[in-house]
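In: return a 3D structure for these sequence lines:
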Amino acid sequence: MRLAFNKGKDRIINSMGMTEQILRLMPGKNKRHTIKRPILKEVETPKSATDTFYEATKEILPKIEESIERTLLAKYIDTFGNSADKKEIYEAYMVRKDDLEKLEEKAEDFIASPSNLDPFEPIKVIRKPLTYDEYEDRENMFYSYDGEGLSYHTFDTIGKYTIFPESHWKRMFPRESPGQFDHNDFNRRNIYALMCTEENLKLTYDLARKTLPKDRKIDYADLIKRSSDMKEILKDEVMFVQLYQDFCLDLLDVMKERDPKGLSKVYDSPSIFDGVVGILLRELRKKPIRNFILYQPTRKKIMNDFTDMLEELFESKDIFLKELKDVIELRRILEITLTKADLGDLAEYSEMIHDEKKYKIYLQGHQKYCFHFWRPEDMREYSLQGFKGFNTGCFVWGRSGSGKSGTLAYATAWAHENNWVVISIPRARKFTDNRVKIERHINGLYVQEQLAKELLEDLRISNLAHFEKMPVDLNIYGKMDKTGVHDNELATCHTDENGIKYFREYDPKRRVWNDAWKEHLTEFELKQITKDTPKMLERISHFVKEPKTLLEIADYGIEHPEQATCAIAEIVHQLYNTDEANVMVMIDGYTEWFRPSEYTSFRYANSGYFIPPHDIAIPRLFMKFDGHKIRNGVKICAATQESYFNHKVTPEMIESPKCYNVEMGPLHLNEFRNAVRFFQIDGKIFTDIKEWRIEQMHMESQGYWKGLYESYFKTISHFDYEKRE
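Out: Here you go, the predicted structure:
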């Protein structure tokens, strides 16, 4: 059987025709796919033709007639807009039907009317008593009722719900929830609940390994002096993650110390950034370079050598390299110089005979090990398949209704519980759907004052405790302009005759510059631009010159919406560079920023008049997948299928690098059963669903949330009030 498993998951491995993928769904330790009814029925004697005809006329035909009658009733009720009217009509129908069934046989000319029917009696809801198994199932459905305890979830928690108090949920998502939660889940009884799924659990397992610099206490000098066996040390997942995070911080420091013009786009891709760190970690196994990597000054020197090589490739090839494998195809070996004197007081532990040595790092060899993302065995065992970006974040994708938004909501709740700062954007599309006023800045970007103010208010509510005590680093404060563009980015911009910097690019396909529209401006428009220029050059740092906490910046941006975008940019810049707390950036509907917005402008006549999201201030600030540039944090984004018909958004469509993507899978039968039972408690399902029907719905929906809604609501009446439990 082991040999068969090694030959592919689709190979038949036993006489029953089962493959590896099918066997994974069989009952296991955690009982995620349990059949709760007898599979084989008792043998029954065949019925005669008379009995079959009698059964059809007395049982089957009345049900068909009732189904047709209910369908017509539902269509009629749908013509009313008020829910109270709908319920009143339905109850009147049920009363009349019940009274007609009680009538004795009358004359052929008898006509039922209010005068000869029994007086109206309100319908009483008869609650069906639960069996012991049903009671036990419902008790096992919930993990906690106070919105806490996500940090203690285990694999036995998969399929269980966590109930959040309304105040707790509204603190995490003050204005709206991710996905369709507000529309489909929370609109009936305001029960705010999330199910723990396998993807949710494994993702938060990876995030839970991250620590702050003040909590990491690695004695690098002791490791050098003891000539420790780094192979064994790297097998420890705690030490591995701490070393990885320290190396990432050093590489970020190297980036800050270099010229931003030369460094432009070199480390924009997380694959290259994490690839450099991963190579250095694997080189720790080798002598004599391991002690030079453990010693921070020489480690930064080696990182500078890597950066010099990358800058040279970017400039010479004039291309944008997205993954480390693209770099390795062009440069297979990196030669560096190891100097014993660079180790300072630890020079005697250099493990070198000579004072200087030329050392070669064979890059191609590292690509063969897990795409240069090697991790200890314990991490690989409990991580999501194909996901290795625990230090950067992930892009969550999958078919419509697969639970992408639920994963983001779960990760957000987990981050709040663990005292993280969370920047939450539950609906990315609202920044591109042309529902609010938009204003063009002189640098070519567009500002949405109303949406910026709302986002700033949400950030303040969700992270008030952090904003009150988190200090502002004045060394990096005041670098953002009114549209949230950093001065280092403006340094690469074009400057006009008035000294104003703006983004200018050449479109080789249409053979035109993106600012060609300036030649067609009228004299009135030129005067208006000149008049508005001084106001557009204002920044929040001109008014709040030395803020002590982030709360001061947020409060000023809320009170002055024209500076709200700049306030958000300054807060994000501070959070990206803080060591005071871990930071999570959560964006749902991320793929909406990779298609044209609904805003139009004559300046984009060559591309259909639609303004691209990267020219709108807020989307431009967040649309880069740059979680690796957060000193202590991650960025988690999710695709949306809401406005895409009959196709699925994949990571390749937005050029998301490998090893950073999480595909949502279906629910197992036990989890699906819990979802159906919870929908009954929540009021979305009014009928008592038998076990065979749950299994049928699981098959029809393939275990996906959207399929669950469609499988139930398209086949069962919405109006079975008399059977509600």
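In: quick one, what contacts Val266?
Out: Val266 sits next to 272, 307, 310-311, 314 when contact means Cβ atoms under 8 Å, 6 or more residues apart in numbering. C-beta: built from backbone N, CA, C; applies to glycine.
In: redo the residues you listed as CSV? Include pLDDT.
Out: Listed next are the contacts of Val266 as CSV, based on pLDDT from 0 to 100:
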residue, pLDDT
Ile272, 90
Thr307, 91
Leu310, 89
Glu311, 87
Phe314, 82
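In: closest to Thr533 out of those?
Out: If you rank the contacts of Val266 by distance to Thr533 using Cβ to Cβ, Phe314 comes first, at 34.3 Å.
In: quick one: distance of stretch 532-541 to the chain centre.
Out: Relative to the chain's own centre, stretch 532-541 is displaced by 35 Å; criterion: Cα atoms, centre = their mean, to the nearest Å.
In: can you give the contact residues for that stretch?
Out: By Cβ under 8 Å, 6+ apart, the surrounding residues in contact with stretch 532-541 are 441-442, 477-478, 480-482, 498, 500, 553, 556-557, 563, 566-567, 570.
In: in those, find the pair that's most separated.
Out: Taking Cβ to Cβ, no two of the contacts of stretch 532-541 sit farther apart than Asn498 and Ile553, at 29.5 Å.
In: those two: which is more packed in?
Out: Comparing Asn498 with Ile553 by other Cβ atoms under 10 Å, the one with more neighbours is Ile553, at 27 against 9.
In: which element, helix or strand, includes the more buried one?
Out: helix 550-559 (DSSP states H and E).
In: now that helix: average pLDDT?
Out: Rounded to a whole number, the mean pLDDT of helix 550-559 is 95.
In: okay, buried residues for it please.
Out: Neighbour counts over helix 550-559 (16 or more other Cβ atoms under 10 Å) mark 550-558 as buried.
In: what's the answer for stretch 578-590, then?
Out: In stretch 578-590, counting by 16+ other Cβ under 10 Å, buried: 578, 580-590.
In: okay if I get the residues you listed as CSV plus pLDDT?
Out: Putting these into CSV (pLDDT from 0 to 100) gives the following:
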residue, pLDDT
Thr578, 94
Glu580, 92
Ala581, 94
Asn582, 95
Val583, 96
Met584, 96
Val585, 96
Met586, 96
Ile587, 95
Asp588, 94
Gly589, 92
Tyr590, 94
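In: mind checking which of those are in strands?
Out: Judged by DSSP state E, the buried residues of stretch 578-590 include 583-588 as members of strands.
In: list just the nearest of the residues you listed to Leu150.
Out: Comparing those against Leu150 with Cβ to Cβ picks out Met584 as the nearest, at 13.4 Å.
In: quick check: bridge partners of that closest one?
Out: Under DSSP bridges, the beta-bridge partners of Met584 are Val422, Val634.
In: which residues touch it?
Out: Neighbouring residues of Met584 by Cβ under 8 Å, 6+ apart: 207, 411-412, 415, 420-423, 633-636.
In: swap in Asn190?
Out: Glu166 are the contacts of Asn190 under Cβ under 8 Å, 6+ apart.
In: the helices in the stretch 51-200 of the chain, which residues?
Out: Listed in chain order, the helices found in the stretch 51-200 of the chain under DSSP state H, counting those that start in this stretch are 61-77, 83-102, 132-140, 166-172, 198-208.
In: most packed of these?
Out: helix 198-208 (a mean of 20; mean count of other Cβ atoms under 10 Å).
In: name the residues that touch that helix?
Out: Contact with helix 198-208 is made by 150-151, 153-155, 157-158, 194, 379, 382-384, 387, 390, 394, 396, 403, 406-407, 410-411, 414-415, 418, 584, 634, 636, 662, 664-665, as judged by Cβ under 8 Å, 6+ apart.
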